[in-house]
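Visitor: Take this sequence and fold it.
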Amino acid sequence: MAALLVTVLGALVAAAAGQCPGASDLQAADGSRACALLYTDDSVYYDQCCGGKSLVVAPDSDVPYMPLGYSGRISSLVVGTGCQLNVWSRSGKKGKTKTFKAGAVPRLQEVKKGLLGNWDNAIRSYYCTCS
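Guide: Residues are numbered from 1 along each chain as shown. So this is what the prediction gives:
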């Protein structure tokens with residue numbers, strides 16, 4: 001667990017420097033990994049995305065209700081290598097759903113949610129798995 005925290009902290013430092021970490025950066029030296037990192041801020045400049053508060057998502061996390069301060073506030077995310085993040089637009093894993101695979105999504109406002117909406121500040125529950 002300590003190795004995972006060190007690796008995730010390294011990814012968070014990279015994000016604080018103004019860039020999204022890579023999917024492979026979410027894996028620890030001992031083989032354990034974080035499934036995803038969720039961020040509250042993005043930017044019109046891609047090299048300044050993945051900022052603000054961050055939420056570390058462990059593998060096999062099933063979260064029907066987001067932690068305080070994160071519900072409806074996620075603007076950027078990174079999914080780890082070999083992982084998949086399923087999100088819902090309403091608490092209790094209801095509403096619209098979207099699956100994100102390994103990689104960074106610096107601006108969720110560019111990901112369509114239905115005909116007129118987008119996923120910026122729309123995630124209210126999630127389930128994350130890794131193979």
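Visitor: hang on, residue 66 packs against residue 91?
Guide: Yes - counting by C-beta atoms under 8 Å, residue 66 does reach residue 91; the two are 7.4 Å apart. For the C-beta atoms, the positions are set from N, CA and C on the backbone; glycine is no exception.
Visitor: overlap in contacts of those two?
Guide: Here residue 66 and residue 91 share the contacting residues 124, 125, scored by C-beta atoms under 8 Å, 6 or more residues apart in numbering.
Visitor: Could you measure from residue 105 over to residue 42?
Guide: Here the criterion is C-beta to C-beta, to the nearest Å. By it, residue 105 lies 9 Å from residue 42.
Visitor: Sorry, wrong one. I was asking about residue 35.
Guide: From residue 35 to residue 42 the distance is 20 Å (C-beta to C-beta).
Visitor: can you check residue 34 too?
Guide: Applying C-beta to C-beta to residue 34 and residue 42 gives a distance of 19 Å.
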